[in-house]
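J.: only the shape, not the letters, is given here:
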DNA sequence: TTGTATGCGTTATCAG
DNA sequence: CTGATAACGCATACAA
């Protein structure tokens, strides 16, 4: 790899001059500027960002910690974040924590060692106190860590309300909410609160079923839903806390010969791309992922620049009616 | 951020000594070792990997260029690669090229500037000659760039054969292959070759439909398939070159009131997670993503260590029969 | 307009 | 067993 020194020699100037044309700093004659460019071209020079970062004390790297990019929701999230980050000159270091507490901690330290300028954290099995040791800009997705770390989420309570109300409006009499583990202290839990409050207010029979902590396994969704129908064969409405869970519900209903939406109505959450691709198309609550991603990064960058940002950042959700209701 | 210098002062030794305990090099008395560890603990020291990388001439970073991690296939691929990379002490810089030729080029240069130790390239709109300027270990997914750059793929021809044969065995008389743009010179094009050869050999009527170059848009799949059925209402078999395309096909058939698999049989490709989650579950050709990912990284690491590797690396595929055939 | 010297945080060489 | 110092590639203050 050629260095700035090689360029300098080739162009017959010193490294300072090369550095100057590289960064457009100070005065340089057009003649030398051309010489330098030519030399760079000839030896195919690319500045070493490691060295630059070291000097500047800024890496232009951000860390993204998610459970796994293999899950469509997080995959889409990661795509938005990377795209927006790139447009702001930031590069993304990808970390899949697999819902593993130890891995989350390790990643946090790894990112610190690699001098990332900030971290977007969307995986949350970790204990809150671990965050205090990371004195780096952080933005959190869907979880409130403490009074100081800003978080981005969509309006989970409103989403839960919209979903539950839709089921009830459509005539459901006995409904269930299938969601991730409620012990995780995620803001997504508000959906369940809204679900229960709404059902209670309307006098509708309701149940909540939650998954184990560290699992995206679709098998688990399926057995959970199967058991649910064994216990409550007359269930006629399901609010699934993700579109994938909703797809599982559709599958089980199909197995049990229950017609959708006539006998069972199903509503999902997130509005990932596949939600509108499968048959039947899944009614869902759309989270504004693109805006959430951009907002998260904006908040991160503002923190890097020492500007104060609001801690609470909640974006609106939207009901998207399709075929499962 | 505390530096090695701070640790040294705190412990009352020099940076050399601290560096020694950090890297377990040379002799150090237990007493000073303890002192140093204690100091590191107290000031919460983390070695600066930027500085280390600069000195060592090795960043332990790899670049991953894919069209978009928002597509389930590439999301799952990225998850496997990141997981395996992390186990080998490598970190992943995520690059979504969006099938954009310019972005691919920019990412390639960016990764070089950031001194990545190698690149895994799974996005291929770029011209072949661009690669010659990158003199870095590269491994390619599903595309043969030239005689020197190793590539990993699964047996596309065999996959095409398996899929086509299954349709024919099941009794299809008029079949179509829906695939990505064949002008892209991907190894995936072998599927189409196999499709045509197999259908021809068996004397079955067949058609090929391809998408535009830069698109993962499901809308496009749908209109393509819709048009296909308008032109050939008696089509009874579809070989889709991705599970998402297959899902689109299922949807259109459902719209047209064509029963699956009785009237139209559909087989997808990849076996992404959702393939077995949707209703009906999609019959597909499974690519061994986990092994392919690990292999790609192994090949990359070997190149870094200057060990020769085979250029052609083709893994077997597997037919997975489910409900759409 | 250009060059010299210094430091960013780390590791390795060579003394002691 | 431990310390002083150069070097990794780059950018800036200060000279010239």
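T.: Okay, I see it. Every value quoted in this text rests on a predicted model; they were computed, and no experiment measured them. Residues are numbered from 1 along each chain as shown, chains lettered A, B, ... in the order given.
J.: wait, what's in contact with residue A:68?
T.: Neighbouring residues of residue A:68 by C-beta atoms under 8 Å, 6 or more residues apart in numbering or on different chains: A:74, A:96-98, A:216, B:79. The way it works is simple: take the backbone N, C-alpha and C, and place the C-beta from them, glycine included.
J.: would you mind listing what in the stretch 1-150 of chain A touches DNA strand D?
T.: Counting by C-beta under 7 Å from any atom of the strand, the residues of the stretch 1-150 of chain A close to DNA strand D are A:1, A:3-5, A:15-16, A:19-20, A:22-23, A:25, A:47-48, A:51-52, A:54-56.
J.: same for the host helix or strand of residue A:223, what does it pack against?
T.: If you go by DSSP states H and E, residue A:223 is part of helix A:218-231. If you count contacts as 3 or more C-beta pairs under 8 Å, 6 or more residues apart in numbering or on different chains; DSSP states H and E, helix A:218-231 packs onto strand A:174-179, strand A:205-210, helix A:243-255.
J.: of all the ones you listed, which one is nearest DNA strand C?
T.: helix A:243-255 (42.3 Å; C-beta to the nearest atom of the strand).
J.: contacts only, for the spatially most central residue of chain A.
T.: Against the mean C-alpha coordinate of chain A, by C-alpha atoms, centre = their mean, the closest residue is residue A:77 at 4.4 Å. The contact partners of residue A:77, taken as C-beta under 8 Å, 6+ apart, are A:66, A:122, A:141, A:289, A:292-293.
J.: mind checking how far whatever helix or strand it lives in is from the chain centre?
T.: If you go by DSSP H and E, residue A:77 is part of helix A:72-87. Distance of helix A:72-87 from the chain centroid (C-alpha atoms, centre = their mean, to the nearest Å) equals 8 Å.
J.: the helix or strand following that helix pairs with which strands, and in what direction?
T.: Once the chain leaves helix A:72-87, the next helix or strand it forms, by DSSP H and E, is strand A:91-96. Using DSSP bridges, the strands paired with strand A:91-96 are strand A:61-66 (parallel), strand B:91-96 (antiparallel).
J.: where does the stretch 1-150 of chain A come near chain B, residue by residue?
T.: Where the stretch 1-150 of chain A comes near chain B, counting by C-beta under 8 Å from any C-beta of the partner chain, the residues are A:1, A:44, A:46-51, A:53-54, A:59, A:64, A:68-72, A:74-76, A:78-80, A:82-83, A:86, A:91-96, A:98, A:109-110, A:112-115, A:133.
J.: just the buried ones from the residues you listed?
T.: Neighbour counting with 16 or more other C-beta atoms under 10 Å in any protein chain shown marks A:46-51, A:53-54, A:59, A:64, A:68-72, A:74-76, A:78-80, A:82-83, A:86, A:91-96, A:98, A:110, A:112, A:114-115 as buried within the residues of the stretch 1-150 of chain A next to chain B.
J.: picking up where we left off before, would a markdown table of the strands paired with strand A:91-96 with mean pLDDT be doable?
T.: Formatted as a markdown table, the strands paired with strand A:91-96 follow (pLDDT from 0 to 100):
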| stretch | mean pLDDT |
| --- | --- |
| strand A:61-66 | 97 |
| strand B:91-96 | 98 |
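J.: ok, now which ones touch whatever residue of the stretch 201-325 of chain A ends up closest to DNA strand C?
T.: At 16.6 Å from DNA strand C, residue A:304 is the closest residue in the stretch 201-325 of chain A, using C-beta to the nearest atom of the strand. Contacts for residue A:304 (C-beta under 8 Å, 6+ apart) come out as A:117-118, A:137.
J.: before we move on, the earlier item: next structured bit after the helix holding residue A:223?
T.: Once helix A:218-231 ends, the next helix or strand along the chain (criterion: DSSP H and E) is strand A:237-240.
J.: residues near residue A:170, how many?
T.: Close neighbours of residue A:170, defined as other C-beta atoms under 10 Å in any protein chain shown, add up to 15.
J.: residue A:228 too?
T.: 18.
J.: up against chain B, what does the stretch 201-325 of chain A have?
T.: Of all the residues in the stretch 201-325 of chain A, those in contact range of chain B (C-beta under 8 Å from any C-beta) are A:218, A:244, A:247-248, A:250-251, A:254, A:273-274, A:276-281.
J.: from those residues, which one has the minimum pLDDT?
T.: In terms of pLDDT, residue A:218 ranks lowest among those, with 70.
J.: what residue ranges in the stretch 151-300 of chain A score low on pLDDT?
T.: Applying pLDDT under 70 to the stretch 151-300 of chain A flags the ranges A:214-216.
J.: any chance of the contacts of residue A:68 in TSV, plus distance to DNA strand C?
T.: Converted to TSV, those look like this (distance: C-beta to the nearest atom of the strand, whole Å):
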residue	distance to DNA strand C
A:74	32
A:96	26
A:97	25
A:98	28
A:216	36
B:79	30
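J.: hang on, the earlier thing: most widely separated two among the residues of the stretch 201-325 of chain A next to chain B?
T.: Using C-beta to C-beta, these reach their maximum pairwise distance at A:254 and A:273, which is 21.5 Å.
J.: gap between the nearest residue to residue A:21 once chain neighbours are set aside and chain B?
T.: Excluding the flanking residues, the one nearest residue A:21 by C-beta to C-beta, 6 or more residues apart in numbering or on different chains is residue A:36, at 4.6 Å. In this view, residue A:36 and chain B are 17 Å apart by C-beta to the nearest C-beta, to the nearest Å.
J.: pretty sure residue A:36 contacts residue A:13?
T.: Yes - here residue A:36 reaches residue A:13: they are 6.6 Å apart, a contact under C-beta atoms under 8 Å.
J.: those two: which has the busier surroundings?
T.: Neighbour totals were compared for residue A:36 and residue A:13, and residue A:36 leads with 24 against 18 (other C-beta under 10 Å).
J.: gap between residue A:12 and chain B?
T.: Distance from residue A:12 to chain B, by C-beta to the nearest C-beta: 25 Å.
J.: tell me the helix or strand right after whichever helix or strand residue A:38 is part of.
T.: Using DSSP H and E, residue A:38 sits in helix A:30-43. Using DSSP H and E, the helix or strand that follows helix A:30-43 in sequence is helix A:49-56.
J.: what mean pLDDT does that following helix get?
T.: pLDDT averaged over helix A:49-56 gives 97.
J.: the residue nearest to residue A:122 when sequence neighbours are not counted: how many residues sit nearby?
T.: Setting aside the residues directly before and after it, residue A:122 is nearest to residue A:141 in space (C-beta to C-beta, 6+ apart), at 3.6 Å. Residue A:141: 23 surrounding residues under other C-beta under 10 Å.
J.: can you tell me how far residue A:141 sits from DNA strand D?
T.: To DNA strand D, residue A:141 is 33 Å away according to C-beta to the nearest atom of the strand, to the nearest Å.
J.: for that residue, what are its contacts?
T.: Neighbours of residue A:141 in contact, by C-beta under 8 Å, 6+ apart: A:77, A:120-122, A:151-153, A:292, A:296.
J.: right, I'll call it a day here.
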